[in-house]
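Visitor: sequence isn't available, so here's the structure alone:
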């Protein structure tokens, strides 16, 4: 079913007592699914922002201008959800557990990625035959980058600018993070389960990330993607996995932990907005606090994020993320004649992206996942909707 039925809230307050570990749903946390959908649309509007009439709504324009930070939210959230669903499989490393995990994750991300890469082949052909100049941009449509993208290794340190399906660079780096995950999950399972120890597993990658960007002189997390995007992803992925270990440990049962984490999130966002602080110093930590807050809160504690529409947007968010740049290219090609297009062009872009997301999710993403996952032998590793 595309819509997840939200649980009813036992209390009316914003944050109720965190659920004990035996009551925590490992398959789906509705609020995290919704957050993923909202983050995907933050990226969508970030890429289209220059064509939106935002002069009279400058706060919205500033918010959209920072949409690249949604990728950092994705990475931390992905690490959290992957550990939530697969962490227990690697308490003992076996060839079977490794094989099932890698095939399951490949089945989750690759079919739609490959489909979109093939769809993008239309773009240089359109430039050659239908544009007024007939010029093909071989920087954007680099044949070598295309082959690397088909292998999902395009952002593994190769000296090429982002090309073809631009957002897919993060899918490439996440695939690399999957290679690290079993060893990390095994290490965590053998370490102390105390929250303080697990907090250290989260803090060290955050410090490493900030140190990397500071030492290399990067102005923000959105810069140097070809050079540093891989480390950015892996470090934030480990942060998310460590947070999930804290969540599953069940020792954080104090009623006001979610509220405290949410307050910390708001404080860091305010610091970033009103003080001259670089994003890599505060925003990954802010996103980590938000994710842990929503996970610890009971199912009905954040009614808005349990809304069926938002949960559905989160469910189809992978299709939204991979399809929107293709839609953007064609909307610009067909409808944008100058730098100030009418609002109707933005409406067309949003509507087309939403329609493509729904179609691709049900007719490409899910069938492709089932086809590849069906090659697993024995009892399959679950492929939950809550994972990106």
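Guide: Perfect, thanks for sending it. Model, not experiment: these values are computed from the prediction.
Visitor: only C-alpha atoms from now on, for both contacts and neighbour counts.
Guide: Noted.
Visitor: how near is the residue nearest the centre of the chain to residue 239?
Guide: The centre of the chain sits closest to residue 74, judged by C-alpha atoms, centre = their mean, with a distance of 2.5 Å. Counting by C-alpha to C-alpha, to the nearest Å, the separation of residue 74 from residue 239 is 12 Å.
Visitor: what pLDDT does the residue nearest to the centre of the chain get?
Guide: We have a pLDDT of 95 for residue 74.
Visitor: can you read off the pLDDT for residue 51?
Guide: pLDDT recorded at residue 51 is 80.
Visitor: er, residue 345 I mean
Guide: Looking at residue 345, its pLDDT is 85.
Visitor: got a list of what it touches?
Guide: Residue 345 sits next to 331, 335-336 when contact means C-alpha atoms under 8 Å, 6 or more residues apart in numbering.
Visitor: can you redo those residues as JSON lines with distance to residue 112 and secondary structure?
Guide: Conversion of the contacts of residue 345 to JSON lines gives the following (distance: C-alpha to C-alpha, whole Å; DSSP: H, G, I helix; E, B strand; the rest coil):
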{"residue": "331", "distance to residue 112": "21", "secondary structure": "helix"}
{"residue": "335", "distance to residue 112": "26", "secondary structure": "helix"}
{"residue": "336", "distance to residue 112": "27", "secondary structure": "coil"}
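Visitor: from those residues, which would you call buried?
Guide: residue 331 (16 or more other C-alpha atoms under 10 Å).
Visitor: and residue 49, what is it in contact with?
Guide: By C-alpha under 8 Å, 6+ apart, residue 49 lies in contact with 61, 64-65.
Visitor: same question for residue 349.
Guide: Listed by C-alpha under 8 Å, 6+ apart, the contact set of residue 349 reads 327-328, 331.
Visitor: break down the stretch 201-350 of the chain into its helices, ranges please.
Guide: Under the criterion DSSP state H, counting those that start in this stretch, the stretch 201-350 of the chain contains helices at 225-249, 257-274, 279-296, 308-315, 317-335, 343-360.
Visitor: buried set for the helix or strand bottoming out on mean pLDDT in the chain?
Guide: In the chain, no helix or strand scores lower on mean pLDDT, DSSP states H and E than helix 58-65, which sits at a mean of 79. Within helix 58-65, the residues that qualify as buried are 61, 64-65, counting by 16+ other C-alpha under 10 Å.
Visitor: helices and strands around that helix, which ones?
Guide: Helices and strands touching helix 58-65, by 3 or more C-alpha pairs under 8 Å, 6 or more residues apart in numbering; DSSP states H and E, are helix 30-48.
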